[in-house]
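Engineer: Sequence isn't available, so here's the structure alone:
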């Protein structure tokens, strides 16, 4: 338990230092936002097919497309990859029109 505590403590200390402007070796990764509707249309997928391929509900997809919510985490990473190489990821995700 002590190792876990120390790891959490170290992470929090690093986060506080970063927030204070001390960037000692800290790497910040910025993932670009994606126009989900434009991407979906570009690859020729229906909302149903796209949502199924991503394992999300059609409602979530519609919220992303309307800008009411934004994809985050692994979904955002995958969308960025899909945007860069639509054919490969379209095949990998088995997205059908």
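Structural biologist: That came in fine, so what should we check first? Bear in mind that the values here come from a model prediction, so they are computed numbers and not experimental data.

Engineer: For the spatially most central residue of the chain, give its distance to residue 42.
Structural biologist: With the centre of the chain defined as its mean C-alpha position, the nearest residue by CA atoms, centre = their mean is residue 76, 1.7 Å away. Separation of residue 76 from residue 42 (CB to CB, to the nearest Å): 17 Å. All C-beta spots, glycine's among them, are computed from the backbone N, C-alpha and C.

Engineer: so where does the residue nearest to the centre of the chain fall, helix or strand?
Structural biologist: helix 73-84 (DSSP states H and E).

Engineer: Repeat that for residue 59.
Structural biologist: helix 58-66.

Engineer: Kindly report the same for residue 28.
Structural biologist: Using DSSP H and E, no helix or strand contains residue 28.

Engineer: Do you have the helices of this protein handy? List them.
Structural biologist: Here the chain has its helices, by DSSP state H, at 2-19, 36-43, 47-54, 58-66, 73-84, 86-93.

Engineer: Where does pLDDT dip in this protein?
Structural biologist: Along the chain, the parts satisfying pLDDT under 70 run over 1, 89, 93, 95-97.

Engineer: okay, now the nearest residue to residue 69 once chain neighbours are set aside: neighbour count?
Structural biologist: Once flanking residues are discounted, residue 69 sits nearest to residue 63: 4.2 Å by CB to CB, 6 or more residues apart in numbering. Using other CB atoms under 10 Å, residue 63 has 16 other residues around it.

Engineer: Settle this for me: residue 63 is touching residue 56, isn't it.
Structural biologist: No. Counting by CB atoms under 8 Å, residue 63 stays clear of residue 56, with 9.7 Å between them.
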